[in-house]
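Asks: Give me a 3D structure for the following:
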Amino acid sequence: MEITGILLLWYGAFYYLRIWNEGGYLARMIRECISGMKVFFLIYLMYLLSFAQGFYFLSYANADSDFHFVPSLWHAFRYCYLAALGDFTYKPYFSGKLGKIDAANNKLAYIGWGLLTLTCIISTVVMLNLLVAIISDRFLDV
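Replies: Residues are numbered from 1 along each chain as shown. Sure, this is the predicted structure:
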């Protein structure tokens, strides 16, 4: 509950930046950019959920339980989000060796690498360009 109050407090402080000419247009620009990104966030959520489902099914497609790298769909969603940011925590399941897990024994490692590569390319190239285009469009409107 306190977190909501703190966020509303800072939103109110942000609201009063419109009083001055120096900060007024910046406050309006930020508000317009956030309102313009609502559809982008929905598309990004759908993108993350689709790849998370792919990683989740890939994890349990292997008959060997040592290669089940995501225990739930939530962990797959988290992994997909972190992979889009550049964190490859589950790399030992696809290449290399970590403890008793040896990726040479994983028959689905190539599919994992393909899905991981596709996740990173779509995230960095397509989604980032879409976000820049939305922000630029809103900037021109302000």
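Asks: element containing residue 51, please.
Replies: Using DSSP states H and E, residue 51 maps to helix 38-61.
Asks: what does that helix contact?
Replies: Counting by Cβ atoms under 8 Å, 6 or more residues apart in numbering, helix 38-61 makes contact with 67-70, 72-73, 76-77, 79-81, 84, 108, 111-112, 115, 118-119, 122-123, 127, 130-131, 134, all of which sit outside it. Where you see a C-beta, it was placed from the backbone N, CA and C, and this is true even at glycine.
Asks: where do the strands sit along the protein?
Replies: Using DSSP state E, the strands of the chain run over residues 97-98, 101-102.
Asks: Let me know the average pLDDT across the first one.
Replies: Average pLDDT, strand 97-98: 59.
Asks: Spatially nearest residue to residue 59 (excluding sequence neighbours)?
Replies: Taking Cβ to Cβ, 6 or more residues apart in numbering, and ignoring the residues beside it in sequence, residue 59 has residue 70 as its nearest neighbour in space, at 4.5 Å.
Asks: What subset of the contacts of helix 38-61 is buried?
Replies: Of all those considered here, the ones buried according to neighbour count by 16 or more other Cβ atoms under 10 Å are 67, 69-70, 76-77, 79-81, 84, 108, 112, 115, 119, 123, 127, 131, 134.
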